[in-house]
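Visitor: structure, please.
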Amino acid sequence: MNLELRHLRLVQAVVEEGGVTSAGSRLGLSQSALSHQLSDIEQRLQAALFHRTGKRLLLTPAGERVLRAARLVLPELERAELDLSQNLTQSLGTIRLAAECSTCYQWLPGVLRKFKRRYPLIEFQIVTRGVENIVHSLLGKQLDVAILTQGNRTRHFQYTELFAEELMIVTAAGHRLGEKQFLRPKDFSGEMLFAASSLGPDVLMQRLLRPAGIRLGDLKEMPAIEALLELVRTGFGIALLGRRSMQPYLTQAEFRVIPVTARGLFRQWNAAIRPSKELHIKAFVETLAVELRAGSGNGTLARPRLRPARSRG
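Guide: Numbers count the residues shown, from 1 in each chain. Reported below is the predicted structural model:
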């Protein structure tokens with residue numbers, strides 16, 4: 001057999017870390033050693049796994065297939081090792097967890113429950129206080145796992161991609177934008193925008209509004225989604241929310257859900273941990289990734305069927 005577990009780990013690390021240097025740090029290999037191993041895999045398979053474009057490495061179809069195998073095989077091995085290590089008279093450990101955005105707690109508890117049912121001796125602590133800077137808290141060992149967006153990456157951590165979440169605009173049914181099929185930058189001009197955190201608006205501003213020279217009327221952060229939607233319902237402004245986070249709320253006719261641009265606007269969620277050999281932490285992160293990918297299809301969720309905007313035509 002040409003493929004070995006170390007090959008799967010290497011390809012997954014290169015993809016998740018974004019390059020051979022960071023992947024080498026994660027795997028404890030020098031850049032030259034990692035490059036040599038990558039060449040060895042390609043020679044064994046007689047297929048290139050990456051296109052090399054400047055400093056970037058892009059997966060080829062063969063690389064995509066190896067990555068799919070890695071994402072199936074490695075989590076199952078981690079879980080098997082954890083299953084075999086369980087001592088029914090002793091706790092396996094504690095996982096201290098925090099999320100960068102409060103909307104994560106709409107989908108995170110479901111995964112925690114599933115993991116807890118399988119590994120009842122692992123204790124979870126959801127940390128909400130004293131973690132104003134979640135990256136520093138993870139680095140300072142106050143946390144074991146941090147749920148972050150793609151904007152916060154540092155070489156000190158190992159990252160696992162969770163899912164890409166589409167950002168959507170929510171309006172009241174009678175709002176001037178409520179009948180649109182999708183929005184354009186000019187539609188945001190002068191609008192009051194509510195958001196659960198700055199994470200979504202940062203993506204919106206950087207990718208869409210600033211390049212078009214568009215200014216919002218104002219931006220207000222409202223951590224409680226219920227309060228945010230009440231302001232939208234009563235006509236005080238529009239809201240920007242991740243589709244996965246908002247679905248439990250939008251079952252009534254007074255809201256309209258509209259994509260940001262025809263192609264959509266997405267943010268990538270990641271789980272970050274310190275380089276660790278603690279099996280229960282690694283197994284949890286892999287389980288988290290598998291569960292969330294399974295719930296989002298090919299990394300995204302289907303467009304919502306919850307009272308979409310109606311066509312004018």
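Visitor: pull out the buried positions in the helix or strand containing His7.
Guide: Per DSSP states H and E: His7 is located in helix 5-17. For helix 5-17, burial by neighbour count (16 or more other C-beta atoms under 10 Å) applies to His7, Leu8, Arg9, Leu10, Val11, Gln12, Ala13, Val14, Val15, Glu16, Glu17. Backbone N, C-alpha and C define where each C-beta goes, glycine included.
Visitor: ok, stretch 120-129 next?
Guide: Neighbour-count burial for stretch 120-129 flags Ile122, Phe124, Val127 (criterion: 16+ other C-beta under 10 Å).
Visitor: mind putting these into CSV with secondary structure, pLDDT and distance to Thr53?
Guide: Converted to CSV, those look like this (DSSP: H, G, I helix; E, B strand; the rest coil; pLDDT from 0 to 100; distance: C-beta to C-beta, whole Å):
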residue, secondary structure, pLDDT, distance to Thr53
Ile122, strand, 85, 42
Phe124, strand, 91, 41
Val127, coil, 87, 40
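Visitor: where does the prediction get shaky in this protein?
Guide: 1, 82-92, 130-132, 150-153, 250, 252, 277, 295-313 (pLDDT under 70).
Visitor: and for the lengthiest helix in it, what's in contact with it?
Guide: Taking DSSP state H as the criterion, the chain has its longest helix at helix 61-85. Identification of contacts with helix 61-85 by C-beta atoms under 8 Å, 6 or more residues apart in numbering yields 3, 5, 7-9, 11-12, 15, 41, 45, 47-50, 59, 92, 118-119, 279-280, 282-283, 286-287, 289-290, 293.
Visitor: isn't Asp239 up against Leu228?
Guide: I think there's a mix-up here, since residue 239 is Ala and not Asp. Yes - between Ala239 and Leu228 there is a contact at 5.4 Å, judged by C-beta atoms under 8 Å.
Visitor: list residues touching both of the two?
Guide: Phe194, Ala195.
Visitor: which other helices and strands does the helix or strand hosting His136 contact?
Guide: If you go by DSSP H and E, His136 is part of helix 134-139. When contacts are defined as 3 or more C-beta pairs under 8 Å, 6 or more residues apart in numbering; DSSP states H and E, helix 134-139 packs onto strand 93-99, strand 145-149, strand 265-273.
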